[in-house]
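Colleague: generate a structure from the sequence data that follows.
(2 chains)
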Amino acid sequence: DQQVKQNSPSLSVQEGRISILNCDYTNSMFDYFLWYKKYPAEGPTFLISISSIKDKNEDGRFTVFLNKSAKHLSLHIVPSQPGDSAVYFCAARGGNAGNMLTFGGGTRLMVKP
Amino acid sequence: DVKVTQSSRYLVKRTGEKVFLECVQDMDHENMFWYRQDPGLGLRLIYFSYDVKMKEKGDIPEGYSVSREKKERFSLILESASTNQTSMYLCASSSNPELGQYFGPGTRLTVT
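Modeller: Numbers count the residues shown, from 1 in each chain, chains lettered A, B, ... in the order given. As a prediction, the model looks like this:
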């Protein structure tokens, strides 16, 4: 049973608009959440993270929101650029699992010029 | 910059062969990980290591083993490759989990 789910396998957005990628989780012990971006033929790269004690973290065009009661997090990219086209994975760290991360299935974002 | 390298980008092996995937990191990280990535399933943890000669099973360790004889090197071993082990294999390392894990470029393994 997947503890971290990204229900949208793909998302298409026009350049300059907002991209919203969603992630749901089931394990209330998760205490840290991360987003990774992956281009084809490359390994994932860390994008942004958020601690469970916060509800928002912002870094430039990227903002992550966490709704603990709904066990939901989202990544907002504003404005979207064609170079943002990639697969995005959300990941969660368990409170008692040390450095282990549980990943979602990924969402492929396509930003159209 | 952290660099994680993997020995091969593409590998084709026959069923039953023993396969070694090598990973090296140059930032003196304590923690190293092996994942496989399959469409729709994301990244699934096979094994990880938090110190030399230490290893822990991840979510899908069956059919795999690992070796960590030196801090910078973490090897994944498929004792007898099977077609269902055809996948993208990703190695990662980290020191501070809150800064994320650093990934290598991946090895696409095809078992025929």
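
Colleague: strands paired with the lowest-mean-pLDDT helix or strand in chain A, and their directions?
Modeller: Least confident helix or strand of chain A, by mean pLDDT, DSSP states H and E, is strand A:101-103 with a mean of 90. The pairing partners recorded for strand A:101-103 under DSSP bridges are strand A:86-94 (antiparallel).

Colleague: show residues contacting the strand it pairs with.
Modeller: Contacts to strand A:86-94, defined as CB atoms under 8 Å, 6 or more residues apart in numbering or on different chains, come from residues A:3-4, A:6, A:21, A:23, A:25, A:27, A:29-39, A:44, A:47, A:73, A:75, A:99-109, B:42-43, B:97. The way it works is simple: take the backbone N, C-alpha and C, and place the C-beta from them, glycine included.

Colleague: equivalent analysis for stretch B:89-100, please.
Modeller: Applying CB under 8 Å, 6+ apart, the contact partners of stretch B:89-100 are A:32, A:34, A:36, A:43-44, A:46, A:49, A:51, A:93, A:98-99, A:101, B:2, B:4, B:6, B:21, B:23, B:25, B:27-37, B:43, B:74, B:76, B:101-104, B:106-109.

Colleague: can you check stretch A:58-66 too?
Modeller: A:33, A:35, A:47-50, A:52, A:54-57, A:72-79, A:81.

Colleague: let's see which of those residues end up in strands.
Modeller: A:33, A:35, A:47-50, A:56-57, A:72-77 (DSSP state E).
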